[in-house]
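Asks: What follows is a predicted structure for the sequence shown.
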Amino acid sequence: MHQQRKTIALLIFLVIVWGINWPLSKIALHYAPPLLFAGIRTVIAGIILIFAALPKWKKLDFKRLWPVYLISAFLSIVFYYGFQTIGLQYVPSGLFSAIVFLQPVLLGIFAWIWLGESMYGLKLAGLLLGFLGVASLSIGGFNGSISVQGIVLALASALSWAFATVYTKRNAARVDMLWMTAMQIMIGGIILLSAGSVTESWADITWNAAFILNTLFISVFVIALGWMVYFNLIKNGEAGRVGSFTFLIPLISIGSSVVLLHEQITLNLVIGLLLIVSSIVLVNVRISRRTLRRPTH
């Protein structure tokens, strides 16, 4: 029971901070080029996590595990945040996050193919409902121009995140999860910062309070703590089941985007909410059945 409460608390934290990340990132992009912004926030998060991991120095084993750290850095950080930060310039933040959260559907399928997780009728129906919920959020959900380039970047972001989660789960037994998270974020951040330094100008960054506070919040809570919580949940539970709860994140993103960026709510968003809640119930219902069927002694 204690473990269950802890898991629920971690999921609530993750859904909230990852949800408000989208409008906060959109605001920060008014003051900085995308790759430099992505690099700055991930390098800060990487430094925080490395300091947190230092007491477990011997578990780093960089000489043997560097290929794992590097591949994970590209999938989880370079591709995911690179596509995300550039794509947010083309479409509203709530809409972009909704498209990215096709990820749980992809993750449920990939976890079935590569992780051997079960795929049964209710789970498949739940994943499909989640996808329909995201589609409902995307189609006509917001006013403003909808860029094909932005949608493609959102889908690419979803794919890279799903592959990253499966790759991390497959290698979880080989690595210390704190060092895995710290290394992928630090390596990915350095790559993004280097790319930004070559293709963008540091002089284009406006170092005002809005940019600094948003960047620090995203670095500490969204990236450093967020990824650490996410990968620990993935390591200790079914990747597909944990991923299903991330369907809730676009709802937080949409709500905070309405408040912070004045993006508008429509009927599509309400329908999307109902589909997403139904999705989470269906993906998790088998666990409840097993509990109910457990014999008493």
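Replies: In hand now; what should we look at?
Asks: only C-alpha atoms for contact and neighbour calcs from this point on.
Replies: Will do.
Asks: ok, Gly130 to Ile48 distance?
Replies: Distance of Gly130 to Ile48, given as CA to CA, to the nearest Å: 34 Å.
Asks: more crowded one of these two?
Replies: Neighbours were tallied for Gly130 and for Ile48 using other CA atoms under 10 Å; the higher tally belongs to Gly130 (32 against 17).
Asks: What are the neighbouring residues in contact with the more buried one?
Replies: Listed by CA atoms under 8 Å, 6 or more residues apart in numbering, the contact set of Gly130 reads 102, 105, 244, 247, 275-276, 278-280.
Asks: helix or strand for it, which one?
Replies: Under the criterion of DSSP states H and E, Gly130 resides in helix 121-138.
Asks: Rounded mean pLDDT for that helix, please.
Replies: When pLDDT is averaged over helix 121-138, the result is 79.
Asks: C-terminal to it, what's the next element?
Replies: Of the helices and strands lying after helix 121-138 in sequence (DSSP H and E), the nearest is helix 148-170.
Asks: helices and strands around that next one, which ones?
Replies: helix 62-73, helix 80-87, helix 93-100, helix 103-114, helix 226-236, helix 239-245 (3 or more CA pairs under 8 Å, 6 or more residues apart in numbering; DSSP states H and E).
Asks: Can you tell me which of those is most buried?
Replies: Among the helices and strands packed on helix 148-170, helix 93-100 has the highest mean neighbour count (mean count of other CA atoms under 10 Å), at a mean of 28.
Asks: Tell me if I'm right that Gln264 and Gly255 touch.
Replies: No: between Gln264 and Gly255 no contact is recorded; they are 9.2 Å apart, counting by CA atoms under 8 Å.
Asks: Which of these two has more residues huddled nearby?
Replies: Neighbour tally, Gln264 and Gly255, criterion other CA under 10 Å: the higher count belongs to Gly255, 20 against 16.
Asks: Just the element for the more buried one, please.
Replies: With secondary structure defined by DSSP H and E, Gly255 is part of helix 249-261.
Asks: Output that helix as PDB, nothing but the C-alphas.
Replies: Written as PDB, here are the backbone C-alpha positions of helix 249-261 (Å, rounded to 0.1, in the frame of the first residue of the first chain):
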ATOM      1  CA  ILE A 249       0.000  15.500 -19.400                       C
ATOM      2  CA  PRO A 250      -1.600  17.300 -22.500                       C
ATOM      3  CA  LEU A 251      -4.600  18.100 -20.300                       C
ATOM      4  CA  ILE A 252      -2.400  19.900 -17.800                       C
ATOM      5  CA  SER A 253      -0.600  21.500 -20.800                       C
ATOM      6  CA  ILE A 254      -3.800  22.700 -22.300                       C
ATOM      7  CA  GLY A 255      -5.100  24.100 -19.000                       C
ATOM      8  CA  SER A 256      -1.900  26.000 -18.300                       C
ATOM      9  CA  SER A 257      -1.700  27.100 -21.900                       C
ATOM     10  CA  VAL A 258      -5.200  28.600 -21.600                       C
ATOM     11  CA  VAL A 259      -4.100  30.500 -18.400                       C
ATOM     12  CA  LEU A 260      -0.600  31.600 -19.500                       C
ATOM     13  CA  LEU A 261      -0.900  31.900 -23.300                       C
END
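Asks: ok, and what's touching that helix?
Replies: Defining contact as CA under 8 Å, 6+ apart, one finds that helix 249-261 is touched by 15-16, 18-23, 93-95, 97-98, 101, 263-265, 273.
Asks: The closest residue to Ser253 other than its chain neighbours: neighbour count?
Replies: Counting by CA to CA, 6 or more residues apart in numbering, Gly19 is the residue found nearest to Ser253 once chain neighbours are left out, at 4.3 Å. When neighbours are counted by other CA under 10 Å, Gly19 registers 25.
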